[in-house]
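Enquirer: sequence and predicted structure, then a few things I'm wondering about:
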Amino acid sequence: MTQQVSEVSPEDTAACAYRAGDFKTALGIWKDLAGKGNADAAAWIGSCYANGDGVEVDDTAALQWYERAAEQGNALAQANTGAFYYMGRGTEKDLSKAVEWMRRGADGNDLNALFNLAQLYAHGEGLEQDLTEAAALYRRAAELGHYPSQSRLGYMYAHGEGVKKDRVQAYLWLTLAAQHGIGTALDALEAVVREMSSEEKAEGSGLFEQWRIRTRSAEGPVALYPTPS
């Protein structure tokens, strides 16, 4: 009986080449795929130009590729396009376009888009300050496993910013963030724990166990993580 060998897709071949450091091969495959309308390939090319993988760092080219993928609906590219417009990388700084692309990325549940858009709402940059909306966006990203968002959400629960003050919820999200090395979360957690009753600690520990496995991050390996300050 002849065993069938499954054919390796061009996408997988490119990803394997990239991980092996063979950026030239990866870029060649991605450019061919992007020419055929593959949005994921265009996003990968944008990341290569942004990070200098196999090519010289070129913010203008990176933004062109990101925006091409973003127009085709790639959520990571939408998030990074928004970040580039926010930072003025490869273009003039444009907060209105930054917000527009971050919103579109957030609609696709991209973790960086959710976090960055929350940051803009929290600081009132490019749109009206809205701590309630910021907290809601942080929570969406936190529930998907984004550690910095867990930290920010825990801080907001600890201080009653955009949400009702809740030490148990603060404990939950700060603990989830702290276990992944978010130093500010650990400092904030210590302050919260000092104020908690034994009942609150027990409830918080129970919630932590429920969420610990559910919130493993699914972040990709080449996201830029551009964070508005």
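Expert: That came in fine, so what should we check first? These figures come from a predicted structure and were not determined experimentally.
Enquirer: average model confidence for stretch 174-190?
Expert: Mean pLDDT, stretch 174-190: 87.
Enquirer: name the residues that touch that stretch?
Expert: With Cβ atoms under 8 Å, 6 or more residues apart in numbering as the test, stretch 174-190 has contacts from 142, 147-148, 150-151, 154-155, 158, 170-171, 192, 204, 208, 211-212, 215. C-beta here means a position set from N, CA and C on the backbone, and glycine is covered the same way.
Enquirer: any stretches of this structure with poor pLDDT?
Expert: Applying pLDDT under 70 to the chain flags residues 1-6, 215-229.
Enquirer: for it, what spans make up the helices?
Expert: Counting by DSSP state H, the chain has helices at residues 10-19, 23-35, 39-51, 59-71, 75-87, 95-107, 111-123, 131-143, 147-159, 167-178, 183-195, 198-214.
Enquirer: tabulate those (JSON lines), appending mean neighbour count.
Expert: Below are those laid out as JSON lines (neighbours: other Cβ atoms under 10 Å):
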{"stretch": "helix 10-19", "mean neighbour count": "16"}
{"stretch": "helix 23-35", "mean neighbour count": "18"}
{"stretch": "helix 39-51", "mean neighbour count": "24"}
{"stretch": "helix 59-71", "mean neighbour count": "21"}
{"stretch": "helix 75-87", "mean neighbour count": "28"}
{"stretch": "helix 95-107", "mean neighbour count": "20"}
{"stretch": "helix 111-123", "mean neighbour count": "25"}
{"stretch": "helix 131-143", "mean neighbour count": "21"}
{"stretch": "helix 147-159", "mean neighbour count": "25"}
{"stretch": "helix 167-178", "mean neighbour count": "25"}
{"stretch": "helix 183-195", "mean neighbour count": "16"}
{"stretch": "helix 198-214", "mean neighbour count": "13"}
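Enquirer: of the contacts of stretch 174-190, closest to residue 83?
Expert: Nearest to residue 83 among the contacts of stretch 174-190: residue 148, at 14.1 Å, using Cβ to Cβ.
Enquirer: distance-wise, check that closest one relative to residue 200.
Expert: Separation of residue 148 from residue 200 (Cβ to Cβ, to the nearest Å) stands at 24 Å.
Enquirer: next up, the contacts around the residue nearest to residue 44 when sequence neighbours are not counted.
Expert: Nearest non-adjacent residue to residue 44, counting by Cβ to Cβ, 6 or more residues apart in numbering: residue 30, 5.0 Å away. Counting by Cβ under 8 Å, 6+ apart, residue 30 touches 14, 38, 41, 42, 44, 45, 48.
Enquirer: how about 6 Å then?
Expert: By Cβ atoms under 6 Å, 6 or more residues apart in numbering, the contact list for residue 30 reads 14, 41, 44, 45.
Enquirer: look up how far residue 15 lies from the third one.
Expert: Noted for residue 44: a distance of 8 Å to residue 15, by Cβ to Cβ.
Enquirer: got it, and the last one?
Expert: Applying Cβ to Cβ, one obtains 13 Å for the distance of residue 45 from residue 15.
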